[in-house]
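Q: Provide a 3D model corresponding to the input given below.
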Amino acid sequence: MKNLFLMLALVMVLGTATAQDTATESTKMEKVMESHDIVMDKMPTISKLMNKLQTKANASYKKKKYEDAIADLKNANQSMMTWMENFGKRFDADEMLKGKALTPKKQEWLLEEEKNVAQLDEEIDLSIAQANAVLNN
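A: Sure thing, here's the model as predicted:
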């Protein structure tokens with residue numbers, strides 16, 4: 001009887017830990033998806049800035065600064081597309097959107113992707129800031 005009680009207590013502890021791990025995974029995935037959404041909201045700004053820079057470049061004898069800023073924006077945009085493609089190869093829709101439990105390997109990947117999307121956000125913010133600086137000078 002004593003052993004049965006200990007086994008039940010152990011199962012309850014392990015079950016609680018697993019539920020907490022799943023909740024943590026779900027929260028982490030939600031955070032990564034929210035970060036993705038924030039970055040995606042910046043894509044129209046990138047397009048608008050590229051158009052403005054191209055207009056300025058077309059009207060200028062000193063095109064290089066505009067073309068460099070356009071190239072930075074294009075690189076940031078490409079980084080976003082690459083990140084999304086790679087993320088989609090690692091996780092399925094149920095994992096991304098419905099909180100499906102992740103394997104231990106995918107839990108590691110999620111930590112990597114959390115860092116990657118943060119770096120991506122910084123890259124995009126920097127390219128936008130540089131483009132705005134070029135347009136305002």
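
Q: State the helix or strand in which the most centrally placed residue in the chain lies.
A: By CA atoms, centre = their mean, the chain has its centre lying nearest to residue 117, at 3.0 Å. Element membership for residue 117, per DSSP states H and E: helix 104-135.

Q: What is the burial count for the closest residue to the residue nearest to the centre of the chain other than its chain neighbours?
A: Counting by CB to CB, 6 or more residues apart in numbering, residue 117 lies nearest to residue 35, which is 4.5 Å off, once chain neighbours are set aside. In short, each C-beta sits where N, CA and C put it, glycine included. Residues near residue 35, counting by other CB atoms under 10 Å, number 17.

Q: so what's residue 35 up against?
A: Residue 35 is in contact with 114, 117, 118, 121, counting by CB atoms under 8 Å, 6 or more residues apart in numbering.

Q: Neighbour-wise, which one of those leads?
A: Among the contacts of residue 35, the one with the most neighbours (other CB under 10 Å) is residue 117, at 22 neighbours.

Q: Hmm, residue 32 and it touching each other?
A: Yes. Assessed by CB atoms under 8 Å, residue 117 is found in contact with residue 32 at 5.8 Å.
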